[in-house]
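Sequence isn't available, so here's the structure alone:
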């Protein structure tokens, strides 16, 4: 059994399910299986799916459950090595060069070795993840990789396959113990096969109605049971409509929380119209559901729930 300074890594798939459940993350068996394998095989895990389905939360919950540091690299267009991996403290280096010149130091090779030493190296998330404490390697979250470009993807290949980074002026920094790497993508573009081959893969889908209801019960404890069922049924039906952006589980939780704060016990057209901004994030979608289509969906939801109860 691999030990951490906090909790031990689970030895079974059920152990993974229980570990995440203890932190209120309900993982289906397919996700728990691939996460278990990633931990045992020490391979990065690539999670792909729509925004708001809980991909990032896997890393956060895992870090908390295992009592390990969470190091997050938030990806964006234009992300470069200086922001993601390392950079040199140029002002301090220049000061060192001037002081050396003033003191008459003429050995160029010695000066180079001095200014490109560890004390001038500024560590960014990738390097921080590789230099984790032995026995307590961090959870390294590379979030929304699809927002970066292919050049940065190519750079990550060495990190994900060998858990090391080569710094030309300094040398190779290799992890004494590989971090637990979670890579996420919202699939706004395809990530290259070369990167995916270095990872285990799992598609995180929207939860089934029963699972989403269980999540609401855990995350929004004050939510009325009838309201919870109506919320889940309504959101599930919304996802079948041709919207610009379907609501994820994060939005479902926000909506349930908002309605609970408003002391609502059931859905009605006016309440839905007033609170759609917590569920939908595009005006075109809100305008569409605020009209007759939204009322039609609510009628269908109530009829279906009534039929199930009967």
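Arrived safely. Here the structure is a predicted model, which is why all the values come from computation and not from measurement.

Which parts of the protein are strands?
45-48, 70-74, 86-88, 121-123, 139-143, 164-167, 171-174, 180-185, 200-203 (DSSP state E).

ok, the closest residue to residue 76 other than its chain neighbours - contacts?
Among residues not flanking residue 76 along the chain, residue 147 sits closest, at 5.2 Å (Cβ to Cβ, 6 or more residues apart in numbering). (C-beta placed from N, C-alpha, C; glycine too.) Neighbour list for residue 147: 75-77, 79, 188 [criterion: Cβ atoms under 8 Å, 6 or more residues apart in numbering].

Likewise for residue 63?
69-70, 138-139.

So among the contacts of residue 147, which ones count as buried?
Among the contacts of residue 147, those buried by neighbour count (16 or more other Cβ atoms under 10 Å) are 75, 79.

so which of the contacts of residue 147 comes closest to residue 269?
residue 188 (33.8 Å; Cβ to Cβ).

Quickly note the distance from the residue lying closest to the closest one once chain neighbours are set aside to residue 203.
Take residue 188 and drop its neighbours on the chain: the residue closest to it by Cβ to Cβ, 6+ apart is residue 146, 4.8 Å away. Taking Cβ to Cβ, to the nearest Å as the measure, residue 146 falls 14 Å from residue 203.

Near residue 36, how many other residues are there?
For residue 36, the tally of surrounding residues (other Cβ atoms under 10 Å) stands at 21.

shaky segments in the stretch 51-200 of the chain?
The stretch 51-200 of the chain contains residues with pLDDT under 70 at 106-107, 111.

that older thread, just the buried members of the contacts of residue 63?
Applying 16+ other Cβ under 10 Å to the contacts of residue 63 flags 70, 138-139 as buried.

buried set for stretch 12-20?
13, 16-17, 19-20.

May I see those organised as JSON lines, with pLDDT and distance to residue 293 added?
Converted to JSON lines, the buried residues of stretch 12-20 look like this (pLDDT from 0 to 100; distance: Cβ to Cβ, whole Å):
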{"residue": "13", "pLDDT": "97", "distance to residue 293": "42"}
{"residue": "16", "pLDDT": "97", "distance to residue 293": "41"}
{"residue": "17", "pLDDT": "96", "distance to residue 293": "38"}
{"residue": "19", "pLDDT": "95", "distance to residue 293": "42"}
{"residue": "20", "pLDDT": "95", "distance to residue 293": "37"}
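
Could you list which of these belong to helices?
13, 16-17, 19-20 (DSSP state H).

could I get those as CSV with distance to residue 218?
Below are these laid out as CSV (distance: Cβ to Cβ, whole Å):
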residue, distance to residue 218
13, 21
16, 17
17, 14
19, 15
20, 11
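
what about residue 152, distance to residue 33?
Taking Cβ to Cβ, one finds residue 152 at 30 Å from residue 33.
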